[in-house]
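A.B. asks: 3D model of this:
(chains A and B)
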2 protein chains.
Amino acid sequence: MDFKKIDDKDLAFFRSVIGEEFVVISEEGLAKYAKDETEDLRFPPEVVVKPSNTAEISKIMAYCNEHNIPVSPRAAGTGLSANSLCIYGGVMLTIERLNKILNIDEQNLQVTTEPGVITEHLQNTVKEKGLYYPPDPSSRGTSFIGGNVACNSGGPRAVKYGVVKDFVLNLEVVLANGDVIWTGANVLKNSTGYNFTQLMVGSEGTLGIVTKIVLKLVPHPKFTLVMLAPFPSMEKAAAAVAATFQAGIVPSCMEFMEREAIDWVCKWLGDVTIPIADDVKANLLIELDGNDMDVMYKESEKLYEVLTQFDCGEILFADSDAQKTDLWRMRRNVANAVKTTAVTIEEDTVVPRYRLPELLIHIKAVGKKYNFRSVCYGHAGDGNVHVRIIKDELTDDQWKNEVPKGVREIFEKVVELGGTISGEHGIGWVQRRYMDIKFPAMHLDLMRGVKAVFDPKGILNPGKIF
Amino acid sequence: MDFKKIDDKDLAFFRSVIGEEFVVISEEGLAKYAKDETEDLRFPPEVVVKPSNTAEISKIMAYCNEHNIPVSPRAAGTGLSANSLCIYGGVMLTIERLNKILNIDEQNLQVTTEPGVITEHLQNTVKEKGLYYPPDPSSRGTSFIGGNVACNSGGPRAVKYGVVKDFVLNLEVVLANGDVIWTGANVLKNSTGYNFTQLMVGSEGTLGIVTKIVLKLVPHPKFTLVMLAPFPSMEKAAAAVAATFQAGIVPSCMEFMEREAIDWVCKWLGDVTIPIADDVKANLLIELDGNDMDVMYKESEKLYEVLTQFDCGEILFADSDAQKTDLWRMRRNVANAVKTTAVTIEEDTVVPRYRLPELLIHIKAVGKKYNFRSVCYGHAGDGNVHVRIIKDELTDDQWKNEVPKGVREIFEKVVELGGTISGEHGIGWVQRRYMDIKFPAMHLDLMRGVKAVFDPKGILNPGKIF
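C.D. replies: Numbering: from 1, shown residues only, chains lettered A, B, ... in the order given. Below you'll find the model as predicted:
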């Protein structure tokens, strides 16, 4: 791609718009924004700009569009597909200063927020009003809601409540040329032209920069029941998942951890007090929520009946908030445990949930073929399983050239099973080489066509998705 | 628009693809497809083609694209915005023969269906398996699921379960040039490039022709409670709606009828046995659903407390299935009652639900200003109110030139309140003149740009949305 390099004139312009202190060019400053949570990739931007509002972003975009300067919008940098890295240098535009919750509308059960608010903070703030924003990726303690929108994040509670796209009603977006639009309306039903709200969600900052977000909220459920169900095989655990929903039970979470994931996280955390018997090969972490404990107990009895049909062992019911927290801490830290102690890559497979056992068997077979270990865990209720592949003793050559062949075989199976190659991480830079497995060239050309409508010069987050 | 007129060579081609009997050119045959449920508009196509599968549609589209012949896809013709009429003549392509439910996937709680299946038939068929497809427009007894997808229909149960877009996982679509794509995957979470599934939903046949639909299903709730709550004013009824959700109650339906709607439908049906006191100015028809009657009774007590704060009169609880049916028959027939006894147009306003009272007051004020009566009713829980405007004694000139000014004032208010100009009917041909109220020209140009990516020659359902 043929972009203009940034010069002093450009920097002077940025400084005039947002103030000197918010234009970063120090080596140290750029290094901080050269990476995200994706493997060990490093792509330093030429400059980091930190605008504080829509008008400033609009000015920056109009300027960069005119001068053919690439701009990658950046949320909290918790992405797992190099979604926001500056592959072609240029400007990293971070939304970290757009960090205000603008309005909690208790009358309409909506919240309007800037994109740089930390997801968990948003959740906690609306919870104070009895309201609930359910989508919570494992990174919720650090990720921004704007990044969640860009990647259409899911997380464990998607299984009952839906993913980010199901909660976004309306978006304020700065386009590549600096124009500002509201994509939709603050309503629950909308049949007014093309659904640009849903087109923006999951578009990874390639179509525009989201500057305000209107989210639907629901009443916060009063109670949760959390339980850990052990299984003698990965396949039985996975099969129990589909059977649960078939029985008419809709847990608020149904999370899967294979034995290796459990061992890894227990070792890494060091203080997990939950006993795991030797013959346990996989766990399901299950949460029910509701407003009536009697109903929830009845539901958990029904659930127990289903799980035992798949040789479930003794179920641990969390008997205190502390134990619930401990169980969730275990689940939420699997990725951290593995990636901070080993060189890894993570794939984000998703299939119709009944096909999970087939997928898991295939993943392990592929690992055997290409000599890699993998740790599988994730949102089984949604058929969404993360596969963390570990480098171990593989040579750099194998890691770089052989493992991707294995990943390709996994994704081919995923698509064959009716699934797709990313459930909630997005494609970013690292997964785009697999897009041909899911989409024929003609389909990708349509996506490129849409991209060109919104961003004719291709300056917005170049190198991503395609 | 400069389209080619259909000649004998074209007809010969269509006959060769789908068989002579499925190519209609008789005046009588064309007349049947010249109208839908929108006012008294008549736009006869030059030919009606009735293909039976994707391959045939693909061939027809490739041919029409090559020869610059416009094609309007048609579902059941229950549209209220002239969504499918052949404004520019050309081909009407009806999907009525694509009428098979292809697969009810009980393991994954999904159904794959052709688009020509009647919505209610689809609902009943999956219900036999204990599954539920909730979106049910009032026209569900005759409308096709494909038309529901094209217009992103809602209906009364959207308030708890969501609209069509929330249930569509994946679509097979024939594009303008005859290419066939699957827009997504059969999964609950998907972050794999741009969301063309959601772009297609609600695009009213202007971007492609949907030929297969994969829908998410949920377990069918076991029980419903249906009640009719009378109010001394329209505004109080509307205010009670927002208060209900604020109290943490999520009814499966919360429908509004102003007094005039009730009188009209009771007179039209002739056999409604539900007593309506003289001082009742509006009714809410409320449904709770669930799997535990005790819980639902508790919820209805809580609901009762909320409603009485808004001077609700004596609530009628349906005490039999027959009475439930009767109440629903009343609500579902309001539009039929008004439109079959008067010349009318219907507008499909939607606002954040708390703003409903303001909207209703405004609608009546505008009616007074422009001398028209209106009947307001609809899905109050979603803030979605249909406004049926009645011609009465207005002259043709007033009807044609003055009433649209009133409609414009109503829509301006709708947008001012954070709403939009169609909640579930779509824009079609009749509402597009109001699109400038909701969207600036630059935004509409982006929509046109997207249209051009999918349909460069503009042959698909021309004259709609823009």
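
A.B. asks: burial of the residue lying closest to A:T94 once chain neighbours are set aside, as a residue count?
C.D. replies: Leaving out its chain neighbours, the residue that sits closest to A:T94 by C-beta to C-beta, 6 or more residues apart in numbering or on different chains is A:R74, at 4.4 Å. C-beta coordinates here come from the backbone N, C-alpha and C atoms, glycine included. Look at A:R74: counted by other C-beta atoms under 10 Å in any protein chain shown, it has 31 neighbours.

A.B. asks: what pLDDT does A:R74 get?
C.D. replies: On the pLDDT scale, A:R74 is placed at 98.

A.B. asks: what's near enough to touch it?
C.D. replies: The contact partners of A:R74, taken as C-beta atoms under 8 Å, 6 or more residues apart in numbering or on different chains, are A:Y33, A:S84, A:M92, A:L93, A:T94, A:I95, A:E96.

A.B. asks: wait, which of these is closest to B:R331?
C.D. replies: Among the contacts of A:R74, A:I95 lies closest to B:R331 (C-beta to C-beta), at 45.3 Å.

A.B. asks: residue contacts, the closest one?
C.D. replies: Each residue near A:I95 by C-beta under 8 Å, 6+ apart is listed here: A:P51, A:P73, A:R74, A:A75, A:E114, A:P115, A:G116, A:F144, A:G146, A:I209, A:T211.

A.B. asks: quick one: pLDDT of the nearest residue to A:I101 once chain neighbours are set aside?
C.D. replies: Leaving aside its sequence neighbours, A:I101 sits nearest to A:T113 (C-beta to C-beta, 6+ apart; 4.8 Å). pLDDT for A:T113: 98.

A.B. asks: domain ranges for chain A?
C.D. replies: Split into domains by automatic domain parsing, chain A comes to A:101-219, A:223-335.

A.B. asks: among those domains, which is the most enclosed?
C.D. replies: Highest mean neighbour count among the domains of chain A (mean count of other C-beta atoms under 10 Å in any protein chain shown): domain A:101-219, with a mean of 23.

A.B. asks: quickly note the distance from the residue nearest to A:T94 to chain B.
C.D. replies: Distance of A:R74 to chain B, computed by C-beta to the nearest C-beta, to the nearest Å: 18 Å.

A.B. asks: quick check: phi and psi at A:N384.
C.D. replies: With angles defined as degrees, to the nearest 10, A:N384 sits at phi -110, psi 100.

A.B. asks: revised request: answer the last question for A:G89.
C.D. replies: Per degrees, to the nearest 10, the backbone of A:G89 is at phi 70, psi -140.

A.B. asks: what's the burial count for it?
C.D. replies: 19.

A.B. asks: and the one 3 residues further on, by the same measure?
C.D. replies: Per other C-beta under 10 Å, the neighbour tally for A:M92 reads 27.

A.B. asks: can you give me the pLDDT of it?
C.D. replies: 98.

A.B. asks: ok, it to chain B distance?
C.D. replies: 21 Å.

A.B. asks: so who does that residue touch?
C.D. replies: A:Y33, A:P45, A:V47, A:V48, A:V49, A:V71, A:S72, A:R74, A:S84, A:C86 are the contacts of A:M92 under C-beta under 8 Å, 6+ apart.

A.B. asks: now do A:D279
C.D. replies: Contacts of A:D279 by C-beta under 8 Å, 6+ apart are A:P232, A:G313.

A.B. asks: likewise A:V49?
C.D. replies: A:F14, A:I18, A:F22, A:V23, A:V24, A:I60, A:V91, A:M92, A:L93, A:T94.

A.B. asks: turn those into CSV, including secondary structure and distance to B:K281.
C.D. replies: Listed next are the contacts of A:V49 as CSV, based on DSSP: H, G, I helix; E, B strand; the rest coil; distance: C-beta to C-beta, whole Å:
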residue, secondary structure, distance to B:K281
A:F14, helix, 60
A:I18, helix, 55
A:F22, helix, 57
A:V23, strand, 61
A:V24, strand, 62
A:I60, helix, 54
A:V91, strand, 59
A:M92, strand, 58
A:L93, strand, 54
A:T94, strand, 54
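
A.B. asks: could I get the residues you listed as JSON lines with distance to A:V265?
C.D. replies: Converted to JSON lines, the contacts of A:V49 look like this (distance: C-beta to C-beta, whole Å):
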{"residue": "A:F14", "distance to A:V265": "43"}
{"residue": "A:I18", "distance to A:V265": "41"}
{"residue": "A:F22", "distance to A:V265": "39"}
{"residue": "A:V23", "distance to A:V265": "41"}
{"residue": "A:V24", "distance to A:V265": "35"}
{"residue": "A:I60", "distance to A:V265": "42"}
{"residue": "A:V91", "distance to A:V265": "38"}
{"residue": "A:M92", "distance to A:V265": "32"}
{"residue": "A:L93", "distance to A:V265": "35"}
{"residue": "A:T94", "distance to A:V265": "31"}
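
A.B. asks: between these, which is closest to chain B?
C.D. replies: A:I60 (18.6 Å; C-beta to the nearest C-beta).

A.B. asks: how near is that closest one to A:K5?
C.D. replies: Using C-beta to C-beta, to the nearest Å, A:I60 is found at 17 Å from A:K5.

A.B. asks: and the two? Which one has more around it.
C.D. replies: A:I60 (23 against 9).

A.B. asks: correct me, but A:V168 touches A:N148?
C.D. replies: No - taking contacts as C-beta atoms under 8 Å, A:V168 lies outside contact range of A:N148: 9.5 Å.

A.B. asks: what residues does the stretch 51-200 of chain A put near chain B?
C.D. replies: Contact residues, the stretch 51-200 of chain A versus chain B (C-beta under 8 Å from any C-beta of the partner chain): A:105-110, A:130, A:151-154, A:158-159, A:162-163, A:165-166, A:175, A:179, A:181, A:184-196, A:198-199.

A.B. asks: those residues in strands, which ones?
C.D. replies: Using DSSP state E, the members of those that fall in strands are A:D105, A:Q110, A:I181.

A.B. asks: just the closest of these to B:V250, please.
C.D. replies: A:Q110 (14.8 Å).

A.B. asks: wait, what's in contact with that closest one?
C.D. replies: Here A:Q110 is in contact with A:L169, A:N186, A:V214, A:L215, A:K216, A:L217, B:P352 (C-beta under 8 Å, 6+ apart).
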